[in-house]
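S.K.: Structure of the sequence below:
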Amino acid sequence: MTNQDVAQIDATRADIGMVCSLPLEIGEFLGRCQRQKTYSGGAFKFIGGMYDGIRIAVVEAGTGPVRARRATMALQDAHHPRWIISTGFAGALQPDLKIGNIVVANEIVGLQGEQLKIDIGMNSDPARGLFVGRTLTVDKMVRTVAEKQALAIQTGAIAVDMETLSVATVCRETKTRFMAVRTISDDLSADLPPEVLSLVGETGAVRFGAVIGSLWKRPSSVKDMWRMRENAMAASEHLATFLDGIVVQLHKSSQ
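M.R.: Take a look at the predicted model:
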């Protein structure tokens, strides 16, 4: 192997890999990165960039545990990151969690009895909007307050998403260092509108036909969707600010 070959291999490596579902989740953080490059690999979109000299590789997995597992494996094959972060939006399962709050998992559970513990050495700080605790991964969107309250009682989790357990499982299998950092995009103050179930496809792309159809069937849904968008934008900004510090800390720990 020549020195040029080694340099090319090193250039593909990432210090920090991130797995998210939707572009909106990670867009604010990526806006703080330099020298971005985007490419498609298999069924997934990858974005690479530099953050304060730290090499970042993000894969947009789409929604659900199956795609999250495949995307994590693709990220590892392509970029061999030292750390992988499962990141993006989550739904609150406890009333104390509000829009934009940060959730860091110290344990991840599933509805079939799956359980993974994570030693992160971090404590909750509610005054700063930081909550550390058990999170739940499910295979479909949890839309109503009643559903969330029932899941909280059943599992003891503080937040729910559709990907983290799959990402963590792959990292455990491959002995890759892992962290789960999520931001609350919907809390227990109101149900998500029923249209949300059809607005985002499995790949994470917005179904514009569904958007138009929902507006046609229920004109008042425009108000609900605008509120969802505002919540998502606020959550994305809070997530980016928290990731600013986490990325630097994880990078230092791997040196």
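S.K.: Which secondary structure elements does the helix or strand where Tyr39 lies sit against?
M.R.: In the assignment (DSSP states H and E), Tyr39 maps to strand 34-41. When contacts are defined as 3 or more C-beta pairs under 8 Å, 6 or more residues apart in numbering; DSSP states H and E, strand 34-41 packs onto strand 44-51. Where you see a C-beta, it was placed from the backbone N, CA and C, and this is true even at glycine.
S.K.: Wait, Met18 touches Glu60, no?
M.R.: No - taking contacts as C-beta atoms under 8 Å, Met18 lies outside contact range of Glu60: 9.6 Å.
S.K.: Overlap in contacts, these two.
M.R.: Contact with both Met18 and Glu60 is made by residues Ile26, according to C-beta atoms under 8 Å, 6 or more residues apart in numbering.
S.K.: between those two, who's got more neighbours?
M.R.: The neighbour count for Met18 versus Glu60, taken as other C-beta atoms under 10 Å, is higher for Met18 (28 against 23).
S.K.: Roughly how far does the more buried one sit from Thr87?
M.R.: From Met18 across to Thr87, the span is 5 Å (C-beta to C-beta, to the nearest Å).
S.K.: what's the overlap in contacts for the two?
M.R.: Jointly contacting Met18 and Thr87 under the rule C-beta under 8 Å, 6+ apart are Ile26.
S.K.: Quick check: closest non-adjacent residue to Gly42.
M.R.: Ala74 (5.7 Å; C-beta to C-beta, 6 or more residues apart in numbering).
S.K.: Residues in contact with whichever strand or helix holds the one you found: which ones?
M.R.: In the assignment (DSSP H and E), Ala74 maps to helix 65-79. Helix 65-79 is touched from outside by 12-14, 17, 19, 21, 41-44, 46, 48, 57, 59-62, 81, 84, 86, 137, 139, 162-167, 169-171, 174, 176, 202-203, with contacts defined as C-beta under 8 Å, 6+ apart.
S.K.: any weak-confidence spans in the stretch 51-200 of the chain?
M.R.: By pLDDT under 70, the weakly predicted segments of the stretch 51-200 of the chain are 195-200.
S.K.: Show me the strands in it, by range?
M.R.: With DSSP state E, counting those that start in this stretch, the ranges of strands along the stretch 51-200 of the chain come out as 54-60, 83-92, 102-110, 115-117, 130-137, 159-161, 177-186.
S.K.: who does the last one pair up with?
M.R.: Read it as strand 177-186. Take DSSP bridges as the rule and strand 177-186 pairs in its sheet with strand 83-92 (parallel), strand 102-110 (antiparallel).
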